[in-house]
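>>> This is a predicted model, with the sequence first.
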Amino acid sequence: MLLPLPSTTTPTSSLSSSRFLSHHPNGLKSSSISGASKLSNKERRFIRKPGLAKISATFELKPPPYPLNALEPIMSQETLEYHWGKHHRTYVENLNKQIVGHRHACFTLQCPSQVSEPCFVILFYLLQVWNHDFFWESMKPRGGGEKPSEDLLKLIDRDFGSFEGFVNEFKTAAQTQFGSGWVWFAYKDSRLDVGNAVNPLRSDEDKKLVVVKSPNAVNPLIWGYYYPLLTIDVWEHAYYIDFQSRRPDYISMFMDKLVSWEVVNSRFKKAKAVVEQMEREDERKRKLEEQRFTTDEAPANAIFPDTDAAAE
């Protein structure tokens with residue numbers, strides 16, 4: 001997974017989940033950190049080599065897109081003050097503490113199971129900040145009533161049988177997530193995660209809507225070619241003040257009264273656009289490869305000349 005590369009200057013950045021969804025195959029794009037950088041386009045690319053300049057950027061706590069009391073009575077102001085004001089704030093503060101003096105390599109992790117412990121800690125806090133921004137933006141006051149857009153609903157019917165089938169699967173996944181974690185509604189592209197390979201031909205059936213569970217801070221972005229559309233936080237601190245240990249009630253109220261389908265529809269539209277852009281790029285590469293093969297292919301008689309003609 002490629003994480004956004006902070007600037008080597010001393011700017012301040014706000015982690016906006018909407019900014020990370022598009023413009024990158026894994027749903028991430030480079031952070032548009034304030035403060036003009038003099039790096040070239042080539043130098044701005046994600047850097048994988050260790051031993052580079054140390055990071056001095058910081059991240060800010062981004063407020064929810066509504067007042068802290070706007071989700072009442074479903075989600076109380078007390079919950080928002082505790083969840084966003086304490087837990088989310090702590091993730092941001094710990095992220096800033098962890099990245100001081102670290103190198104860019106910590107932000108270009110490909111396989112979390114193979115990285116050093118300091119980089120793994122940074123990844124945990126970075127994902128938790130991203131997850132919470134995404135979670136707050138997934139809700140709105142008086143949400144949940146409307147249904148998805150026509151295009152999204154069509155795929156929901158295809159992949160879950162019906163909208164009600166999707167809701168039931170999402171609720172079941174959230175109820176059965178063991179311990180702390182997240183449940184995601186995502187658009188999954190069917191691709192080979194191989195940089196130098198032309199992707200095989202695909203059909204619309206290959207692009208699926210899925211419901212997936214993730215433990216702790218994990219989100220589908222690190223699995224490659226998952227585009228999150230909606231998430232629910234099932235860490236206990238997300239619902240205990242309002243629902244105590246009644247997680248199923250919290251989940252039902254979230255789906256029925258809080259989900260912003262307007263935001264989900266927008267994320268789905270962006271995800272489809274990214275996938276279609278990559279498909280066009282795949283097709284362009286395929287045609288270039290065919291042209292190169294045709295150009296490089298020597299005529300048969302140039303390699304094995306006709307013996308009679310050669311004898312003359």
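Now that the structure is in, tell me what you want to look at.

>>> Now do the helices in the stretch 151-300 of the chain.
With DSSP state H, counting those that start in this stretch as the criterion, the stretch 151-300 of the chain has helices at 163-176, 240-243, 247-253, 261-296, 300-303.

>>> By mean pLDDT, show me the worst of these.
Mean pLDDT is lowest for helix 300-303 among these, at a mean of 53.

>>> Where does the prediction get shaky in the chain?
For the chain, residues meeting the criterion pLDDT under 70 lie at 1-57, 102-118, 190-206, 296-312.

>>> any idea where the strands of it begin and end?
Using DSSP state E, the strands found in the chain span residues 12-14, 58-60, 181-188, 208-215, 226-233.

>>> got the ones you listed as JSON lines, with distance to Leu126 and mean neighbour count columns?
Just so you know, the C-beta spots here come from the backbone N, C-alpha and C atoms, and that holds for glycine as well. JSON lines is the format used below for the strands of the chain (distance: least, Cβ to Cβ, whole Å; neighbours: other Cβ atoms under 10 Å):
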{"stretch": "strand 12-14", "distance to Leu126": "11", "mean neighbour count": "15"}
{"stretch": "strand 58-60", "distance to Leu126": "8", "mean neighbour count": "17"}
{"stretch": "strand 181-188", "distance to Leu126": "15", "mean neighbour count": "24"}
{"stretch": "strand 208-215", "distance to Leu126": "15", "mean neighbour count": "16"}
{"stretch": "strand 226-233", "distance to Leu126": "15", "mean neighbour count": "24"}
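
>>> Between these, which one is closest to Gly144.
strand 226-233 (11.3 Å; Cβ to Cβ).

>>> Next, the angle strand 208-215 makes with that closest one.
Here strand 226-233 runs at an angle of 50 degrees relative to strand 208-215 (axes from the mean of the first three to the mean of the last three Cα atoms, to 10 degrees).

>>> what pairs with strand 226-233, and is each one parallel or antiparallel?
Strand 226-233 has the following strand partners under DSSP bridges: strand 181-188 (antiparallel).

>>> Please enumerate residues in contact with the partner strand?
Outside strand 181-188, the residues that touch it by Cβ atoms under 8 Å, 6 or more residues apart in numbering are 131, 135, 166, 170, 173-174, 177, 207-216, 218-220, 225-235, 264, 268, 271-272, 275.

>>> try 6 Å this time
Here strand 181-188 makes contact (Cβ atoms under 6 Å, 6 or more residues apart in numbering) with 173-174, 177, 208-216, 220, 226-234, 271.

>>> ditto for stretch 215-232
Stretch 215-232 is contacted from outside by 1, 26-27, 124, 127-128, 131, 134-135, 138, 174, 180-189, 191, 193, 212, 254, 264, 267-268, 271, using Cβ under 6 Å, 6+ apart.

>>> same question, stretch 255-262
Outside stretch 255-262, the residues within contact range by Cβ under 6 Å, 6+ apart are Ile74, Met139, Lys140, Gly143, Gly144, Glu146, Pro148, Val167.

>>> Pull the contacting residues for the second one.
The reference is to Met139. Counting by Cβ under 6 Å, 6+ apart, Met139 has contacts Leu258, Ser260.

>>> and the gap between it and Asp133?
Remark: distance between Met139 and Asp133 (Cβ to Cβ, to the nearest Å) = 12 Å.

>>> can you pull the buried residues of stretch 243-258?
Residues Phe243, Arg247, Tyr250, Ile251, Ser252, Met253, Phe254, Met255, Lys257, Leu258 are the ones in stretch 243-258 that count as buried (16 or more other Cβ atoms under 10 Å).

>>> That should have said stretch 145-158, apologies.
Within stretch 145-158, the residues scored as buried using 16+ other Cβ under 10 Å are Pro148, Leu152, Leu153, Leu155, Ile156.
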